[in-house]
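Undergrad: next comes the sequence, and after it the predicted model I'd like to discuss.
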Protein chains: 2
Amino acid sequence: METPWEYRFSCRAQAMKSSVIRELLKLTEQPDIISFAGGLPAPEVFPVEAFQRASKKVLAENGPKALQYGPTEGYLPLRQLIAEKCSQPGYQVQAENVLITSGSQQALDLIGMTFINRGDYLLVESPTYLGALQAWNPYGPQYVTISTDDDGLDTGDLEKQLRKGPKFIYVIPTFQNPLGVTMSLKRREELVTLADRYGVPIMEDDPYGKLRFEGEDLPTVAALDNKLRGGKDSTVSNVVYMSTFSKTLAPGMRIAWVIAPPEVINKLVMAKQGTDLQTPTINQYITYEVAKDGFLEEHIKKIVEVYRERRNVMLEAFDEYMPEGVTWTRPQGGLFLWLKVPEYMDTVDIFKDAVEQKVAFVPGISFHADGSVHNTMRFNFSNSTPEMIVEGVNRISMVIKKKMKR
Amino acid sequence: METPWEYRFSCRAQAMKSSVIRELLKLTEQPDIISFAGGLPAPEVFPVEAFQRASKKVLAENGPKALQYGPTEGYLPLRQLIAEKCSQPGYQVQAENVLITSGSQQALDLIGMTFINRGDYLLVESPTYLGALQAWNPYGPQYVTISTDDDGLDTGDLEKQLRKGPKFIYVIPTFQNPLGVTMSLKRREELVTLADRYGVPIMEDDPYGKLRFEGEDLPTVAALDNKLRGGKDSTVSNVVYMSTFSKTLAPGMRIAWVIAPPEVINKLVMAKQGTDLQTPTINQYITYEVAKDGFLEEHIKKIVEVYRERRNVMLEAFDEYMPEGVTWTRPQGGLFLWLKVPEYMDTVDIFKDAVEQKVAFVPGISFHADGSVHNTMRFNFSNSTPEMIVEGVNRISMVIKKKMKR
């Protein structure tokens, strides 16, 4: 007889339902659609030639090693390179604090596995990154949301929430996904001070921090926490920091990393060993070759130029086409911005009509851990040409205008 | 103040302890040691040139696509190629039944996440693959072990265990790790019949099946299950089948796969999405280029020749050096064989002395889910030259002789 598989699935798997939003987003895969929905970097700026040179070199000089199993922690020269690149004055990162992961998504999963007990409370921004919720939901946490504004996470709201005894705080301080906003220096300092006062660890997710179009770089939350502790090196820290090469080199390589105190790295390594043994050896060798000797920094400049123009074009198109009552964020970097329509409107409805007009975005509801907000939408500007941006924004504005009350 | 991290870890992470065995195995990483401990393929037979050609071609022709995000299910041409290669007469695999994973270790983890509730019973062979236990332990199962002999899993013992209501049966039928033995055709048929009778799914792990040195290929358990159901295609099956390119091409690429009915693939895809989003795009493009057009089959012939010689040399060295009272398996393929010393001996003790003599193996206790057997040891023969094998076996035999009662 047939196997009734659905009765064999774990409670974890039973709870994984294909969401309405995910089903809707499949519609955006049609080739003739202008999509602001994904989070894709622009393939035009992938450093293909650098990857060609690096692959050739790695296979010629280190073929058998690069194709063999490697350590779970990652390829040591790459860990050293990342430690150097992430060190800041007064914040020294060591290779032993670095774990290479298969994309930031795996860092989130390993954090879930290592920290979350069923029922634990987690503090997250409202809205927050959808992929973090997807990584953690199987571990059964509950979420407490913290409000945000143009300066990022609202630290005025934070202390009250910290007293609820959360397992950790998750924050994307720079060019937040989905908001595009950046946490001010003052708020970053308040965050590390309050988190330290209550002994609650911070998970800092920083995939976009290097993609700044304008304004001054801010210290990471990890670096500020380090300063609070008297500028020791990163072996003592209240922060687990995550970043990636997906947005600065290429996501198809799946090379990201975690920086944390050795006792945390230790547990994450054990979790990773059971999960996928190691990140592909050859990808680590190649990424090391591409990123070293200053290439990464030079390449980021090119990306920033392209994305800055696209953001500018999108903001200008919004200014030109969007009706009154619609507002949006003005990100200083990253890949996304966030748009609000009047409260009586539902962006899932707008999405359905927009797709008929061959244009797409992500309805904001997916990014709210409590599923409470219906009038927001996330736009990606990195993966469409300026011409497509103008045309797409125009089409969406017409859909919105049609649905607006006169 | 410092963060007391150990109190923040989940119960799952608290339970991950660095095992005595793992600490011991670190000793085997000394460069001057002859190690039969790992499960490494021979780097001398990695098809480095084929990977060079394929990388060059992929980056020249499809650079931006290969470096971009891709679907969680995997690169469609690779899924199609695997479906073709795994199809047998009377057993047709479709691309929709194939999920690409980041090594077989990830397949095991996704199965754990998708099937295991805390406290579930799992049927496993005694001994079984250590990595499966590592992948599943965080999900909190209990194990029921089934005895094995030279014909693999003992189906005489199976029905009694099936009546205990296990969530699934996990089996490595061909060139089992750690035993090296292969389940006979008769037992495979009994396994699928009994599992079907009790409605209990089978997880078939088959990383070594193509590495046969002698004897006839046997149908996979998945194919026999299919036959039992009247030879329909693989969309209806009681088996989740796993295999990998790690042992036939190169483990550093981390490309493996699962074959299962679509409803299972669906859940595994959702689990994978939260876990690492996708297996690296470029690795899938390159592996596809290398494996197609018959290269894989030609290359496997070369590997088989090298490994057959090494197995022969190891068996001959055992015959020559091992004292009476020591017995071992005679695998027809794969990477491993299994050795038993008299029951009064402890192979952890032997290991410690062996490492002092600059030679290593894995004490068998790690492969027993119930940790009950102390007089066994696993030998890998793929990753040492014939000369090293003779020398290493000689050294270990001397350690054993010294510890034997006269």
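TA: The structure has been received and is ready for your questions. It should be emphasised that the depicted structure is a prediction, and the values quoted were computed from it without experimental measurement.

Undergrad: C-alpha only now, for contacts and for neighbours.
TA: Noted.

Undergrad: quick one: the strands in the stretch 251-400 of chain A?
TA: A:256-259, A:327-328, A:336-340, A:359-360, A:362-363, A:376-380 (DSSP state E, counting those that start in this stretch).

Undergrad: what lines up beside the first one in the sheet?
TA: Each strand that strand A:256-259 pairs with, and the sense of that pairing, follows from DSSP bridges: strand A:98-101 (antiparallel), strand A:239-244 (antiparallel).

Undergrad: now render those as CSV, adding mean pLDDT and mean neighbour count.
TA: Below are the strands paired with strand A:256-259 laid out as CSV (pLDDT from 0 to 100; neighbours: other CA atoms under 10 Å in any protein chain shown):
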stretch, mean pLDDT, mean neighbour count
strand A:98-101, 98, 29
strand A:239-244, 98, 25
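
Undergrad: now the strands: where do they sit in the stretch 51-200 of chain A?
TA: A:98-101, A:121-126, A:142-149, A:152-153, A:168-171.

Undergrad: contacts for the longest one, please.
TA: In other words, strand A:142-149. A:119-127, A:153-154, A:157-158, A:161, A:181, A:369-370 (CA atoms under 8 Å, 6 or more residues apart in numbering or on different chains).

Undergrad: give me the buried subset of these.
TA: A:120-127, A:153-154, A:158, A:161, A:181, A:369 (16 or more other CA atoms under 10 Å in any protein chain shown).

Undergrad: so residue A:110 touches residue A:268, yeah?
TA: Yes: using CA atoms under 8 Å, residue A:110 is in contact with residue A:268, at 6.0 Å.

Undergrad: any shared contact partners between these two?
TA: If you check residue A:110 and residue A:268 against CA under 8 Å, 6+ apart, no residue is contacted by both.

Undergrad: sorry, back to before: most tightly packed of the strands of the stretch 251-400 of chain A?
TA: Most buried of these by mean neighbour count (mean count of other CA atoms under 10 Å in any protein chain shown) is strand A:359-360; its value is a mean of 28.

Undergrad: counting contacts, what elements does that one pack onto?
TA: On a contact count with 3 or more CA pairs under 8 Å, 6 or more residues apart in numbering or on different chains; DSSP states H and E, strand A:359-360 meets strand A:34-35, helix A:386-403.

Undergrad: could you redo the last one with a cut-off of 6 Å?
TA: Packed against strand A:359-360 by the contact rule (3 or more CA pairs under 6 Å, 6 or more residues apart in numbering or on different chains; DSSP states H and E) you find strand A:34-35.

Undergrad: between the biggest helix by length in chain A and strand A:376-380, how many degrees?
TA: What stands out as the longest helix in chain A, according to DSSP state H, is helix A:295-321. Counting by axes from the mean of the first three to the mean of the last three CA atoms, to 10 degrees, helix A:295-321 lies at 130 degrees to strand A:376-380.

Undergrad: out of the strands of the stretch 51-200 of chain A, flag the one nearest residue A:252.
TA: Minimum separation from residue A:252 across these (CA to CA) falls at strand A:98-101, 13.3 Å.

Undergrad: off-centre distance for the closest one?
TA: 16 Å (CA atoms, centre = their mean, to the nearest Å).

Undergrad: same check on stretch A:184-199?
TA: With CA atoms, centre = their mean, you get 21 Å for stretch A:184-199.

Undergrad: what do you get for stretch A:388-395?
TA: 25 Å.

Undergrad: what's in contact with that stretch?
TA: Contacts with stretch A:388-395, where a contact means CA atoms under 6 Å, 6 or more residues apart in numbering or on different chains, come from A:317, A:321, A:359.

Undergrad: now do stretch A:368-383
TA: Residues contacting stretch A:368-383 (CA under 6 Å, 6+ apart): A:36, A:40-42, A:126-127, A:178, A:307, A:310-311, A:335-341, A:343, A:345-347, A:361-365.

Undergrad: can you give me the end-to-end span of it?
TA: Separation of the first and last residues of stretch A:368-383 by CA to CA, to the nearest Å is 24 Å.

Undergrad: please list the residues of the stretch 151-300 of chain A that sit near chain B.
TA: Selection of the stretch 151-300 of chain A residues close to chain B by CA under 6 Å from any CA of the partner chain yields A:238, A:250-254, A:274-276, A:280-282.

Undergrad: what about 8 Å?
TA: By the rule CA under 8 Å from any CA of the partner chain, the part of the stretch 151-300 of chain A lying against chain B is A:167, A:196, A:199-201, A:229, A:236-238, A:250-254, A:263-264, A:267, A:270-271, A:273-277, A:279-283.

Undergrad: just the buried residues of these.
TA: Counted by 16+ other CA under 10 Å, those give A:167, A:196, A:199-201, A:229, A:236-238, A:250-254, A:264, A:267, A:270-271, A:273-277, A:279-283 as buried.

Undergrad: filter the residues of the stretch 151-300 of chain A next to chain B down to the ones in helices?
TA: A:196, A:263-264, A:267, A:270-271, A:273-276, A:281-283.

Undergrad: now the two most distant members of the residues you listed.
TA: Between all members of those, the farthest pair (by CA to CA) comes out as A:196 and A:282, at 39.2 Å.

Undergrad: what's the closest of the strands of the stretch 51-200 of chain A to residue A:61?
TA: That would be strand A:98-101 among the strands of the stretch 51-200 of chain A, by CA to CA, at 22.3 Å.

Undergrad: and the contacts of the closest one?
TA: So strand A:98-101 is contacted by A:73-75, A:79, A:82-83, A:107, A:254-260, A:265, A:269, A:278-279 (CA under 8 Å, 6+ apart).

Undergrad: in chain A, where is pLDDT below threshold?
TA: A:18-21, A:232-235, A:406 (pLDDT under 70).

Undergrad: not counting its neighbours along the chain, what's nearest the residue nearest the centre of chain A?
TA: Geometric centre of chain A, nearest residue: residue A:207, 5.2 Å, by CA atoms, centre = their mean. Using CA to CA, 6 or more residues apart in numbering or on different chains and skipping residues adjacent in sequence, the residue nearest residue A:207 is residue A:243, 4.8 Å away.

Undergrad: got it, and residue A:135?
TA: residue B:274 (4.2 Å).

Undergrad: re the thing from before, partners of the residue nearest to residue A:207 in the sheet?
TA: Going by DSSP bridges, residue A:243 forms beta bridges with residue A:257.

Undergrad: what do you get for residue A:333?
TA: residue A:212.
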